[in-house]
Structure formats: C-alpha cells, structure tokens
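K.L.:
task: produce atomic coordinates for the following.
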Amino acid sequence: MDSSKENYTAFMTHNGLKVRLNHNFCVQNVEEKNILPWYISIEAFDSLRGILSIISAIIMMLLHKDIIYSGIVIMIMYFIGFIISQSYFYMVMLNMIYGLFYMAYSFIERFFIQYIALIIISIISKEFMILLVFIGVRLACFVVMNIINIILLKYYYGKYKIHMGDVEITAAKILQFYSDKDINFKQWISDYSNYINIDTSDLNLN
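P.N.:
Model prediction:
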C-alpha cells in the first residue's frame, strides 16, 4: 500500500481493483495461499455484470433480435451479474468454473479485446443499432449502480459506521469461502464495525 492511511481504509487487488476494507482484518483467518484466489474471485464477480452484458449483446447481434428486446435482455443479464456478485450462495456455486474462465478473460480484458470483438461482430452482422443500444444500456446501468452504491453506503455507514459498497460486499461475502473461520456475513459486518471503530477511536486519541 502507498500509505498508512490507504492501508487502513482500503487495499488494491493484484489487478488494481480498489476494495475499501481493512486488509489486515479481512485476511486474519485466511491462509497466505488463499489470498490471491480471493483477489481473483473479487475481481471476477465484480466484472460478471459487464461480461454477461457483452455476451448478451453479441448473442443478440448474431440472432438479429429486435433492438428493444435486445436492450431488455442486456439490462437483465447485467443485473443478474450484479445479484450474483452480492450472493454468497451463487458465488460459491460458480466460483471454480467461472474463476477459471475469468483468469483467461482478464488477460484479453487488458487489451479491450472484448469491446473490439463486439464492434467487429456488429459490423459483420450489420447490427449497429444493437451496439448503440448496448452503449445506452451500459450507461443507464452505470447510473443505476451509482444510485445503489449511494444507498448501500448510507445504510452501512448509518448502521455500522463503515463504508460498504457493492465491491466491498462481494469481497466480504466471498471471503467466507476462503476463511478458516466459519462466520456469516451479518456477524462479520458486526465484528468488522467493532474493529474499525475501535481502531479509529484509538487513532484519534493518539
């Protein structure tokens, strides 16, 4: 981490995804060998909504579907990806198979190959309107996700005095899969709140 403050409030995964949780608390019951797989799972499920929306758009292009129908499908698949990323059950169920897929996908993602492929397919299929619908839907989803994150941040800060958005919920829930300690999400949140707020009080006193 670049600074003690950054180390206290957040950490970066190996590919640079910022997670606003205290790393020391998160990994206290995680073996060293499982930290990187945990990072991969966080990134994978945080990216799932985008991956599903791209795949949906490509399928709609190849099937030459109506643009309104295509937009609805792309949006539904985007939010299915979001719902999965917030669910311990679904993440654990998909973790191994999807994790392997994501490790390959993350390589092409660095070069924006998925978007290049989307554009090429729209040209080949002559479904330029679906490409425009995809862009519009993704912008709309971005706005909705920002609203959802504002609600989540207000809820968790108001109740627990901690910062928890969608990425942090994904990280905390999938952490249970890699942890040696069996603890549910609600109890983890309570313990984390106590840890963070006690540490903050100590820092203020010092």
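
K.L.:
could you use CA atoms for every contact and neighbour count after this?
P.N.:
Will do.

K.L.:
any idea which element residue 55 lies in?
P.N.:
Under the criterion DSSP states H and E, the helix or strand holding residue 55 is helix 35-63.

K.L.:
grab the longest helix from this structure for me.
P.N.:
helix 128-160 (DSSP state H).

K.L.:
in the helix holding residue 55, what's buried?
P.N.:
Neighbour counts over helix 35-63 (16 or more other Cα atoms under 10 Å) mark 35, 38-54, 56-58, 60-61 as buried.

K.L.:
any low-confidence regions in this structure?
P.N.:
The model of the chain has pLDDT under 70 over residues 1-8, 199-206.

K.L.:
could you redo the last one with a cut-off of 90?
P.N.:
Filtered on pLDDT under 90, the chain yields the residue ranges 1-9, 14-15, 99, 103, 106-111, 181-184, 197-206.

K.L.:
quick test: name the residue nearest the centre of it.
P.N.:
When Cα atoms, centre = their mean is applied to the chain, the residue found nearest the centroid is residue 46 (1.8 Å).

K.L.:
wait, that one touches residue 84, no?
P.N.:
No - because the distance of 9.4 Å does not satisfy Cα atoms under 8 Å, residue 46 is recorded as not touching residue 84.

K.L.:
and residue 22, how far from residue 149?
P.N.:
For residue 22, the distance to residue 149 equals 19 Å [Cα to Cα, to the nearest Å].

K.L.:
do residue 118 as well
P.N.:
Distance, residue 118 to residue 149, by Cα to Cα: 28 Å.

K.L.:
do the same with residue 85
P.N.:
Distance, residue 85 to residue 149, using Cα to Cα: 14 Å.

K.L.:
and the helix holding residue 55, what does it pack onto?
P.N.:
helix 67-85, helix 88-109, helix 113-125, helix 128-160, helix 166-178 (3 or more Cα pairs under 8 Å, 6 or more residues apart in numbering; DSSP states H and E).

K.L.:
may I see those organised as a markdown table, with distance to residue 191 added?
P.N.:
Putting these into a markdown table (distance: least, Cα to Cα, whole Å) gives the following:
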| stretch | distance to residue 191 |
| --- | --- |
| helix 67-85 | 22 |
| helix 88-109 | 18 |
| helix 113-125 | 40 |
| helix 128-160 | 10 |
| helix 166-178 | 12 |
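
K.L.:
having no further points to raise, I will conclude here.
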